[in-house]
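In: Give me a 3D structure for the following:
(chains A and B)
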Amino acid sequence: QKEVEQNSGPLSVPEGAIASLNCTYSDRGSQSFFWYRQYSGKSPELIMFIYSNGDKEDGRFTAQLNKASQYVSLLIRDSQPSDSATYLCAVTGDKIIFGKGTRLHILP
Amino acid sequence: DVKVTQSSRYLVKRTGEKVFLECVQDMDHENMFWYRQDPGLGLRLIYFSYDVKMKEKGDIPEGYSVSREKKERFSLILESASTNQTSMYLCASGPPGHYYEQYFGPGTRLTVT
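Out: All right, here's what the predicted structure looks like:
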């Protein structure tokens, strides 16, 4: 059974600090990795994707991929209250698998 | 910007009714997907389609069917709604291939009484 694991949280981070969200996956053949943000009552919104080992930065967001250790992470710098949401990790190989998400709460 | 629309934001149906959920995307995407999302269970794939008139079962297809007669439109059908199909239904579309991103519609919250 291929799995994607995330800590459900909530993860509480003070405003202005760095939020670090982690995701591990079981399928070594996985090729693409995505982070979605989902506000309460809304649908998931794609915020980052990464295909290669290393870091990928987009504004305040950095995705980090380590295929050897089978984890992908999302860093949010200068966290804002508007970043409070559930973050879903998704991994694709022969199919797409979503994690159940980590709830992030930014403390004002 | 990718736009995926769903026919209803909220829907209430009775047990045994036939239910149609429609999804339309305007980005000429080949791939379209139907998920349901339930607390504690996350997103679960019901069906997907890589081309017109083509469909494949996802992880939980039982009790559902789909139709894709046009590239931009993907319909989910509940042949005989049951209370355990009460859920948030999310449609998504994306570019061709297994490995690429998906863009979600706003969702339909279906309640079956």
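In: My guess is residue B:14 contacts residue B:113. True?
Out: Yes. At 5.9 Å, residue B:14 and residue B:113 qualify as touching, with contact defined as Cβ atoms under 8 Å. Every residue, glycine included, has its C-beta placed from N, CA and C.
In: how about the strands in the chain?
Out: Let's take chain A. Here chain A has its strands, by DSSP state E, at A:4-5, A:11-14, A:19-25, A:32-38, A:45-50, A:54-58, A:61-66, A:71-76, A:85-92, A:96-98, A:102-107.
In: other chain: chain B
Out: Using DSSP E, strands in chain B cover B:4-6, B:10-13, B:19-25, B:31-38, B:42-49, B:56-57, B:64-70, B:73-78, B:87-94, B:103-104, B:108-112.
In: what packs against the fifth one?
Out: Spelled out, that is strand B:42-49. Packing partners of strand B:42-49 (3 or more Cβ pairs under 8 Å, 6 or more residues apart in numbering or on different chains; DSSP states H and E): strand A:96-98, strand B:31-38, strand B:56-57, strand B:64-70, strand B:73-78.
In: Low-confidence ranges, chain B, go.
Out: Applying pLDDT under 70 to chain B flags residues B:1-2, B:97-99.
In: ok, now with 80
Out: B:1-2, B:97-100 (pLDDT under 80).
In: Nearest the geometric middle of it, what residue?
Out: residue B:34 (2.8 Å; Cα atoms, centre = their mean).
In: Thought residue B:76 was touching that residue, still the case?
Out: Yes. Look at residue B:34 against residue B:76 with Cβ under 8 Å: they come within range, at 4.6 Å.
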